[in-house]
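Colleague: sequence-free structure coming up:
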């Protein structure tokens, strides 16, 4: 009897494991295929791609698409702006958010509750697009580089995560520093910051991803300044002007912008929007995909803390 | 009494003096936050005016009471606004539902994987799309949904399986749009959202499983009676947070994938606000729409909070 039951359980287990593994592999394929396909198209000869049938391996290998992308004048500047913007936001956001988090982690601090409430409330509502836009306009931030980072130096959610993390530092450490005559900023800079490195790494990743991937700020505030354009914005301009993929076969007029996507290349050689799009997509996504494996051992822990309620 | 309060005042003052370093480190940032998050709320007054940017003085604007709100629902734009509201809620709800089913079931299945290497690989691959921008994701989505020669793998597979004869123009047909939004979100965030459930699962007491095995529970029973209840509070807390954001159906995805053919199913409130406000300069109407959105969100989150309280879960705020 016992043996029979064990056998049944074993078979059940095997079936379950097989089905589970199959499903998970299928899921991975679905997740990774679009990227692999884009990679293959970006390395495939443009005219050959048009014939279709490129899956995850280029049929006629070429670097030509990347050559064209690297020769677009707008790309270098957009890349430079994207990188600078991301670095500035990460540095300022981490500095100011952690400094504020330190102050509200101090139990005796008189404005602790008030500051926390003011920040937490903003997680649940905001004034909305138009009033915010008008404020930015009034402050003279429209069409400036500053609009990328000034509105983003402290974020409520990151503040709470950091405060929770700082609270795990033993009180006695801070006390003893005080007895030694250390000032608050000194304690924050010399004691607290080094101890919260894993938390900083997590938040740095989130902020960097957010900044690198943002498109709306450029679109809303800086679309009039080509020299402040970002990679995402340039990519989107290219995509929308070459949106042939989804709407091909649709009534004429949908693709008003037509095939203008390659006009910036200035070369008489043959290339297609599809191939350029693929190359620039890879170019835009690789930097962020390179960063995350290095930081990922931190973020799971960081996320778990972020979910802890006060 | 008087002496007491004077003493109190003095002690508050003493505290402020003693804590002046902390104050210097935090109060400027507090003022910053007030400027960027609270001052714009004064702009809500525009919703009650017939705001003309050409009139310099704010106070010389014409006040119109609730006309803009009435106009939002019954006026010339009424039909469009209601349609957009419906699209916002519909897309959000579908996204939320698929997202929950997807992330929780993936977390449950990952939790059953014994081989840690395989588990790590699956996790890393499913996290990846989270790091891509919507610009890239919508680009990928439109390629995957295209005709086979443009790289449209979905049509390719469907044709090869003999399920359809002609490629489907997914992005030109209104009826698919909500599903495309929901599945795009699922693809992008499913793996990422499992992190929090998996973390919650690790904190479940292992003796519960042992006890269940002794009682003769099989795998499904363990999942259903131990793992799921074990992550119940996480599910509820996230649900509350998400319900508060039910009117935030995204923006970029609809803006990028929407086109003239599917506008009736694609346009959401945020795009309505952008079109009327920034592009057409009708700040008053757009602000009214924004306020409506904020209020509905606050009401939704209060309801969710109340329900969570009733269910015996911890409240979020």
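Modeller: Everything's here; your move. None of these values were measured; they are calculated from a predicted model.
Colleague: flag the shaky bits of the stretch 151-300 of chain A, pLDDT-wise.
Modeller: Scanning the stretch 151-300 of chain A for pLDDT under 70 picks out A:242-269, A:296-300.
Colleague: same thing but 50
Modeller: A:244-268 (pLDDT under 50).
Colleague: give me phi/psi at residue B:49?
Modeller: Main-chain torsions, residue B:49, degrees, to the nearest 10: phi -120, psi 170.
Colleague: roughly how far does it sit from residue B:61?
Modeller: As judged by Cβ to Cβ, to the nearest Å, residue B:49 and residue B:61 stand 4 Å apart. (Each C-beta comes from the backbone N, C-alpha and C, glycine too.)
Colleague: do residue B:184 as well
Modeller: Following Cβ to Cβ, the distance that separates residue B:184 from residue B:61 is 41 Å.
Colleague: between the two, which one's more packed in?
Modeller: Neighbour tally, residue B:184 and residue B:61, criterion other Cβ atoms under 10 Å in any protein chain shown: the higher count belongs to residue B:184, 23 against 18.
Colleague: so that one is in which element?
Modeller: Element membership for residue B:184 (DSSP states H and E) is helix B:174-202.
Colleague: and that helix, what other elements does it pack with?
Modeller: On a contact count with 3 or more Cβ pairs under 8 Å, 6 or more residues apart in numbering or on different chains; DSSP states H and E, helix B:174-202 meets helix A:2-42, helix A:273-306, helix B:78-111, helix B:116-127, helix B:134-144, helix B:232-244, helix B:252-257, helix B:263-266.
Colleague: give me whichever of these is most buried.
Modeller: Burial of these is given as mean neighbour count (mean count of other Cβ atoms under 10 Å in any protein chain shown); helix B:134-144 ranks first at a mean of 26.
Colleague: run the chain-centre distance for that helix.
Modeller: A distance of 19 Å separates the centroid of the chain from that of helix B:134-144, by Cα atoms, centre = their mean, to the nearest Å.
Colleague: try stretch B:115-134
Modeller: Here stretch B:115-134 is found 22 Å from its chain centre; the criterion is Cα atoms, centre = their mean.
Colleague: what about the lowest-mean-pLDDT helix or strand in chain B, near chain A?
Modeller: Lowest by mean pLDDT, DSSP states H and E among the helices and strands of chain B is helix B:2-18, with a mean of 80. Yes: if you take Cβ under 8 Å from any Cβ of the partner chain as the test, helix B:2-18 does meet chain A, through B:12, B:15, B:16.
Colleague: does anything pack onto the helix or strand following that helix? Which helices or strands?
Modeller: For helix B:2-18, the succeeding helix or strand toward the C-terminus, using DSSP H and E, is helix B:20-33. Judged by 3+ Cβ pairs under 8 Å, 6+ apart, helix B:20-33 is in contact with helix A:73-105, helix A:112-121, helix A:184-186.
Colleague: and the angle from the first one to helix B:20-33?
Modeller: Relative orientation of helix A:73-105 with respect to helix B:20-33: 130 degrees, computed using axes from the mean of the first three to the mean of the last three Cα atoms, to 10 degrees.
Colleague: is helix A:73-105 up against chain B anywhere?
Modeller: Yes: residues of helix A:73-105 contacting chain B under Cβ under 8 Å from any Cβ: A:96, A:99, A:100, A:102, A:103, A:104.
Colleague: tell me which residues of that helix come out buried.
Modeller: Along helix A:73-105, these residues count as buried under the neighbour rule (16 or more other Cβ atoms under 10 Å in any protein chain shown): A:74-75, A:77-79, A:81-82, A:85-86, A:88-90, A:92-94, A:96-105.
Colleague: swap in the shortest one?
Modeller: By neighbour count on 16+ other Cβ under 10 Å, the buried set for helix A:184-186 is residue A:184.
Colleague: please point out which parts of the helix or strand following that helix sit buried.
Modeller: Heading C-terminal from helix A:184-186, the first helix or strand you meet, by DSSP H and E, is helix A:193-195. Neighbour-count burial for helix A:193-195 flags residue A:193 (criterion: 16+ other Cβ under 10 Å).
Colleague: again, but for stretch A:104-115
Modeller: The neighbour-count check on stretch A:104-115 (16+ other Cβ under 10 Å) flags A:104, A:105, A:106, A:109, A:111, A:112, A:115 as buried.
Colleague: just stretch B:41-50 next, same as before
Modeller: B:43, B:44, B:45, B:46, B:47, B:48, B:49, B:50.
Colleague: what residue in the stretch 151-300 of chain B comes nearest to chain A?
Modeller: Closest approach between the stretch 151-300 of chain B and chain A, counting by Cβ to the nearest Cβ: residue B:290, at 2.9 Å.
Colleague: how many neighbours does that residue have?
Modeller: Considering only other Cβ under 10 Å, residue B:290 is surrounded by 26 other residues.
Colleague: same check on residue A:202?
Modeller: Neighbour tally, residue A:202, other Cβ under 10 Å: 26.
Colleague: and what of residue A:61?
Modeller: A total of 12 residues lie near residue A:61 under the criterion other Cβ under 10 Å.
Colleague: export the buried residues of stretch B:41-50 as JSON lines, with columns for distance to chain A, secondary structure and pLDDT.
Modeller: Output for those, formatted as JSON lines (distance: Cβ to the nearest Cβ, whole Å; DSSP: H, G, I helix; E, B strand; the rest coil; pLDDT from 0 to 100):
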{"residue": "B:43", "distance to chain A": "3", "secondary structure": "helix", "pLDDT": "89"}
{"residue": "B:44", "distance to chain A": "7", "secondary structure": "helix", "pLDDT": "90"}
{"residue": "B:45", "distance to chain A": "9", "secondary structure": "helix", "pLDDT": "89"}
{"residue": "B:46", "distance to chain A": "7", "secondary structure": "helix", "pLDDT": "88"}
{"residue": "B:47", "distance to chain A": "9", "secondary structure": "helix", "pLDDT": "88"}
{"residue": "B:48", "distance to chain A": "13", "secondary structure": "helix", "pLDDT": "90"}
{"residue": "B:49", "distance to chain A": "12", "secondary structure": "strand", "pLDDT": "87"}
{"residue": "B:50", "distance to chain A": "14", "secondary structure": "strand", "pLDDT": "84"}
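Colleague: in contact with residue 228, which residues?
Modeller: Unless you meant another one, I'm taking chain A. By Cβ atoms under 8 Å, 6 or more residues apart in numbering or on different chains, the residues touching residue A:228 are A:81, A:143, A:144, A:145, A:218, A:222.
Colleague: oops, chain B please
Modeller: Neighbours of residue B:228 in contact, by Cβ under 8 Å, 6+ apart: residue B:108.
Colleague: could you redo the last one with a cut-off of 10 Å?
Modeller: B:104, B:108, B:201, B:222, B:235 (Cβ atoms under 10 Å, 6 or more residues apart in numbering or on different chains).
Colleague: for the third one, give its distance to residue B:180.
Modeller: Distance, residue B:201 to residue B:180, using Cβ to Cβ: 31 Å.
Colleague: buried ones in stretch B:21-35?
Modeller: Neighbour-count burial for stretch B:21-35 flags B:22, B:23, B:25, B:26, B:29, B:30, B:32, B:33 (criterion: 16+ other Cβ under 10 Å).
Colleague: and stretch B:173-191, how far from the chain's centre?
Modeller: 14 Å.
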